[in-house]
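> 3D, please:
(3 chains)
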Amino acid sequence: MNPKREVIGQTSIRSKVHPVPFAPPRGEGPPPVADEHPLAAYLRMDRIPHIWCPTCGIGIAVKCLAEALDVLQLDTNKVAVVSGIGCTGRVAGYMKLDGFHSTHGRAIPFATGLKLGRPELKVVVFSGDGDLSGIGGNHFIHAARRNMDLMVVLVNNFIYGMTGGQNAPTTPVTAKTSTMPFGNFEHPFNLPALAAGCGADYVARWTTLHVRRLTRSFKEALNRRGFRFIEVIAPCSTLYARLNKLGTGYDLMEFYHNNTEIKNGADPQTVDIGFQGKIICGRFVDSERPTYLDMMKQHYTKVLGDKFVPMPEEGGLIWPPGEKPTTPAAKATAEVREPEEVTHG
Amino acid sequence: MARTEIRVVGFGGQGVVMMGHVIGHACAINAGMHATMIQSFGPEARGSACSSTVAVSPEEVLYPYITQPDILVVMSAEGYSKYWDELKPKGILVYENELVHPDVRPDQPSFGVPSTRIAEALGRKIVQNSVMLGFFAAATELVPREALRSAVEDSVPHGTEELNLKAFDAGWNHFTEEYGAKQPSRKKESTAAK
Amino acid sequence: MKTDPAGVLTGAHYLDGDYACGEGAMAAGCRFVAGYPITPSTEVVERISRRFPFMGGTFIQMEDELASMAAIVGASWTGTKSMTVTSGPGFSLMMENIGLAAMMEAPCVVVNVQRGGPSTGLPTMVGQQDVMQARWGSHGDYRIIALCPQSPQESFDLVIDAFNLAELYRVPVLFMMDECVGHMTEKVIIPEADQIEIVPRRLTKKDPADYLPYQTNGELIPEFARAGDGYKFHTTGLTHDERGYPVMSAACQKQNVQRLIDKIKLNEEQIIRFEAEAIEGADIVVLSYGITARVARMGIELARKQGIKIGVIRLIVLWPFPENYIRQLAGNIKAFVVPEINAGQMVLEVERCAAGQCRAVSVPHLGGGVHNPEDIAQAIVEAAQ
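Numbers count the residues shown, from 1 in each chain, chains lettered A, B, ... in the order given. Below you'll find the predicted structure:
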């Protein structure tokens, strides 16, 4: 069965046209004149160069998120990004958003507090496989169960990168890591199945090769509510590729090119990844289960009627009752704030 | 009266904790005294000798636990066998006389009430504790009747006030009917203690 | 500012320390609570979860205490006043993100209704064994504020102060109740809402372009920006500079951590609070806190009958500790007597501050109950000899 072909990328609605390519062609030609990254508005350019290794996939995922924000023209004052610890844990520090670099494994509960404390925020969790499914695994399954209003981007490079290549809950069987030098023998997680099994509303997986599909998934996820899970398979050339003699990040990208199959709507149970085995990508789950905040509001309205007072969208009892916001930015955003149209992609 | 210690004991579901709460509430909020209530927790709170204690004093209660109760309210046989020897000499024993058959000591004024049966006659067995509280109010005269009665009113679930107050009055009346004659002498004794 | 009347249950109530703490938090303007059930603290969140839906508050029962603590730090960044509630085993788990709150300078309140430990210990019975953990529990150097109530009334009053101190100094404030106070029911007077002063979040008035999240301009406490107000700031648990950016250097570490210490240390005079009685001319000073302070007063009365001159100190703020006061006092007395429901924790701090000028006598009780007042009297008599 051939998966349905889809139109991808919506370049026509891009807000800006960048006449100079960011990466100039090699060899002769005019010197690069771009002094600003086309997505600089979404990045903390004062922190570049970033800490990621050459051919690491995390930067690609960050670029895709920045692009999704750009295309959607969201009010980025109201978008926050939360990371845990690890290589991907540094993402919160490179995006020009309210960024929170929390503790190892706790990005999801931290983000839960952020979302519930100020429900109007769009909260993106961006972290790695070890952080979110290892030390943070319990939080992951419970946030999915609650259908908490979070968009969770998990960059999976099959290994603990920051600490030097140790075994991860995602390491495929037989893959070598620094703590499984003779090859891993533990069963790894099938993360889309885990998320779907716990009740995630939206589950997708792409590799960093699939930049346009990944961007599209980010756009879809940003525009909806509930627990949205996007797994991004990404190369780690310094550790995973080196320990397993897989070449460089470019070689892994080539491997993705030759070994991925796009199967939208595939049963998440069937998408587990073996060592150098086929990677099934696609959007696996796209449902509309009531979210945590929906459930709370519906339930309390039903049982308490008009006595129910929900948490104000801008946060609880920040100012004396009846008083106006005091900060310049708060004032500005309070004045222009329109209820955002939620469209399901 | 320096300090009065009270223990209420019964089985889970008899409202043992609620009774301690109402007595404490009556003393602390309605009668201008200090009262510290402590309930039993954990497995102990679910068995047949579940207990709550109240320390009542005109001054601040420094020591929150009780050591030797002046008043023991018993609503289960197991509770009686567990706590009977704790009661002070000359302490007052108040008991559910169809569930507890105490070995009454002559120096300890003892007053029994069929509170469960009275509650059943009122239509809801669950108000047994309010019957007992009415009886307790009359038997101990720890606080004025109204102080305890209004504490019952404030503490019971909304909508059940009327029934609980009826139960309280039934308990109070049972004491006057059964022990009314004995009251003056006991009253004198308790006033002297104050 | 005056608090929101919606959270204030004005009147005379008969409440236990846990309920009073919950009422105090709501009166203080707390509108986000995340917690995980644990005896003997659960009544606090039971109270709150019953009342929050009527005042715009959100309670969420998280999957564990790690998550609860992380969630309140997250919520704190929205400006919504946040709290979590636990007891010993959960307190241990929370230490990770208490450190995060200290490092990020996120105001929040952590209630620990102390029970006997170690490990699962005595779930339904009293202990005061976490007071050193409160000071030193999370790794690294930081200063913290910890309060300790001795009655349900004080549980109500003091938890409001806990929220206010958290706002003033941008720290997690630890509310170290004990099981005995948490589970004892007494009269609690809740005042009118217009009698309750609460400290609002110190939101920056700077333009986003000029704002740096940890710039203090020589002061000790930076101005706050909320998530979602357009400041697009960054914060991290890593050692960071004024921009909130990680900087891995000894110089930045010194600047960052020294300020975390100094903002409490140099404001100690404003934070420290204790009751002192009959100190003048005393030979023995009894220092205690929480429920033990009440029981100790009985022991003190017994010992006074023997003609011993006894002064009394009751710590209300446990941390920062009244170091200078104890040091000066130590030169004038024979001994400190320190009863506490542990094997001797605060006595170590007393001994350190006394610095050899007088003895510091521990009166330990390992938990599961309070001291016998006679044991405290006995210790006083022995110390006076």
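
> how many residues are close by residue 96?
Here I'm looking at chain A. Residues lying near residue A:96 (other Cβ atoms under 10 Å in any protein chain shown) number 20. From N, CA and C alone the C-beta is placed, and that goes for glycine too.

> other chain: chain C
Neighbour count for residue C:96, taken as other Cβ under 10 Å: 20.

> does the nearest residue to it once chain neighbours are set aside belong to a helix, a strand or coil?
Distances taken as Cβ to Cβ, 6 or more residues apart in numbering or on different chains place residue A:103 nearest to residue C:96, at 5.7 Å, with adjacent residues excluded. With DSSP: H, G, I helix; E, B strand; the rest coil as the basis, residue A:103 sits in coil.

> for residue A:103, give me its contacts.
Residue A:103 sits next to A:84, A:85, A:110, C:70, C:96, C:97, C:99, C:100, C:237 when contact means Cβ atoms under 8 Å, 6 or more residues apart in numbering or on different chains.

> so the third one makes contact with residue A:102?
Yes. Checked against Cβ atoms under 8 Å, the pair residue A:110 and residue A:102 is within contact range at 4.2 Å.

> can I get the top strand by length along chain C in PDB? Just the C-alpha atoms.
Counting by DSSP state E, the longest strand found in chain C is strand C:108-116. Taking C-alpha atoms only, strand C:108-116 is exported to PDB below (Å, rounded to 0.1, in the frame of the first residue of the first chain):
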ATOM      1  CA  CYS C 108       7.400  29.800  45.700                       C
ATOM      2  CA  VAL C 109       6.500  28.100  49.000                       C
ATOM      3  CA  VAL C 110       7.200  24.500  50.000                       C
ATOM      4  CA  VAL C 111       5.300  23.100  52.900                       C
ATOM      5  CA  ASN C 112       6.800  20.100  54.800                       C
ATOM      6  CA  VAL C 113       4.600  18.700  57.500                       C
ATOM      7  CA  GLN C 114       7.400  16.800  59.200                       C
ATOM      8  CA  ARG C 115       7.000  13.200  60.300                       C
ATOM      9  CA  GLY C 116       9.400  10.800  61.800                       C
END
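
> helices or strands up against it?
helix C:17-27, helix C:65-76, strand C:82-86, helix C:88-104, strand C:122-126, helix C:152-169, strand C:172-178, helix C:179-183 (3 or more Cβ pairs under 8 Å, 6 or more residues apart in numbering or on different chains; DSSP states H and E).

> residues near whichever residue of the stretch 1-150 of chain A sits closest to chain B, how many?
In the stretch 1-150 of chain A, the residue that lies nearest chain B is residue A:138 (26.6 Å; Cβ to the nearest Cβ). Using other Cβ under 10 Å, residue A:138 has 16 neighbouring residues.

> wait, what's in contact with the residue of the stretch 201-350 of chain C found nearest chain B?
Nearest residue of the stretch 201-350 of chain C to chain B (Cβ to the nearest Cβ) works out as residue C:294 at 4.6 Å. Residue C:294 sits next to B:60, B:62, B:63, B:64, C:150, C:151 when contact means Cβ under 8 Å, 6+ apart.

> now do 6 Å
Contact partners of residue C:294, counting by Cβ atoms under 6 Å, 6 or more residues apart in numbering or on different chains, are B:62, C:150.

> still on that earlier bit, quick check: mean pLDDT of the longest strand of chain C?
In this model, strand C:108-116 has a mean pLDDT of 98.

> how about the residues of chain B by chain C?
Counting by Cβ under 6 Å from any Cβ of the partner chain, the residues of chain B close to chain C are B:24, B:25, B:28, B:29, B:36, B:37, B:38, B:41, B:42, B:62, B:63, B:64.

> isn't the third one up against residue B:22?
Think residue B:28. No. In this structure residue B:28 lies outside contact range of residue B:22 using Cβ atoms under 6 Å: 10.9 Å.

> with neighbour numbers in mind, choose between those two.
Between residue B:28 and residue B:22, residue B:22 has the larger neighbour count (other Cβ under 10 Å), namely 31 against 27.

> quick one, what contacts the residue nearest to residue B:10 when sequence neighbours are not counted?
Nearest-residue entry for residue B:10: residue B:75, 3.3 Å, with adjacent residues in sequence omitted and distances by Cβ to Cβ, 6+ apart. Under the criterion of Cβ under 6 Å, 6+ apart, the neighbours of residue B:75 are B:10, B:14, B:96.

> again, only this time at 10 Å
By Cβ atoms under 10 Å, 6 or more residues apart in numbering or on different chains, residue B:75 lies in contact with B:8-11, B:14-16, B:19, B:48, B:50, B:94-96, B:99-100, B:113, B:115-116, B:128-129, B:132.

> one step back: ok, for the residue of the stretch 1-150 of chain A closest to chain B, nearest residue in space, not its chain neighbours?
Closest residue in space to residue A:138, ignoring its immediate chain neighbours: residue C:63 at 5.3 Å, by Cβ to Cβ, 6+ apart.

> so what's the one you found up against?
Counting by Cβ under 10 Å, 6+ apart, residue C:63 has contacts A:108, A:109, A:138, A:139, A:140, A:141, A:142, A:143, A:145, A:146, C:36.

> could you say which helix or strand holds the closest residue to chain A within chain B?
Going by Cβ to the nearest Cβ, chain A is nearest to residue B:158 of chain B, at 14.4 Å. With secondary structure defined by DSSP states H and E, residue B:158 is part of neither a helix nor a strand.

> restricting to C-alpha, output the biggest helix by length in chain B in PDB.
Looking across chain B with DSSP state H, the single longest helix is helix B:161-179. The C-alpha atoms that make up helix B:161-179 are tabulated as PDB, following Å, rounded to 0.1, in the frame of the first residue of the first chain:
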ATOM      1  CA  GLU B 161     -28.800  20.400  60.800                       C
ATOM      2  CA  GLU B 162     -32.400  19.900  61.800                       C
ATOM      3  CA  LEU B 163     -32.200  16.100  62.200                       C
ATOM      4  CA  ASN B 164     -28.900  16.400  64.100                       C
ATOM      5  CA  LEU B 165     -30.300  19.000  66.500                       C
ATOM      6  CA  LYS B 166     -33.300  16.800  67.100                       C
ATOM      7  CA  ALA B 167     -30.900  14.000  67.900                       C
ATOM      8  CA  PHE B 168     -28.900  16.200  70.200                       C
ATOM      9  CA  ASP B 169     -32.000  17.200  72.100                       C
ATOM     10  CA  ALA B 170     -33.100  13.500  72.300                       C
ATOM     11  CA  GLY B 171     -29.700  12.700  73.900                       C
ATOM     12  CA  TRP B 172     -30.000  15.600  76.300                       C
ATOM     13  CA  ASN B 173     -33.500  14.600  77.300                       C
ATOM     14  CA  HIS B 174     -32.500  11.000  77.800                       C
ATOM     15  CA  PHE B 175     -30.100  12.200  80.400                       C
ATOM     16  CA  THR B 176     -32.600  14.300  82.200                       C
ATOM     17  CA  GLU B 177     -35.100  11.500  82.200                       C
ATOM     18  CA  GLU B 178     -32.700   8.800  83.400                       C
ATOM     19  CA  TYR B 179     -30.300  10.700  85.600                       C
END
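
> and it, which residues are buried?
B:163-168, B:170-175, B:178-179 (16 or more other Cβ atoms under 10 Å in any protein chain shown).

> got a markdown table for these, with distance to chain A and pLDDT too?
As requested, the buried residues of helix B:161-179 are exported to a markdown table (distance: Cβ to the nearest Cβ, whole Å; pLDDT from 0 to 100):
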| residue | distance to chain A | pLDDT |
| --- | --- | --- |
| B:163 | 25 | 97 |
| B:164 | 26 | 97 |
| B:165 | 28 | 97 |
| B:166 | 30 | 97 |
| B:167 | 30 | 97 |
| B:168 | 31 | 98 |
| B:170 | 35 | 97 |
| B:171 | 36 | 97 |
| B:172 | 37 | 97 |
| B:173 | 40 | 96 |
| B:174 | 41 | 97 |
| B:175 | 42 | 96 |
| B:178 | 46 | 94 |
| B:179 | 47 | 92 |
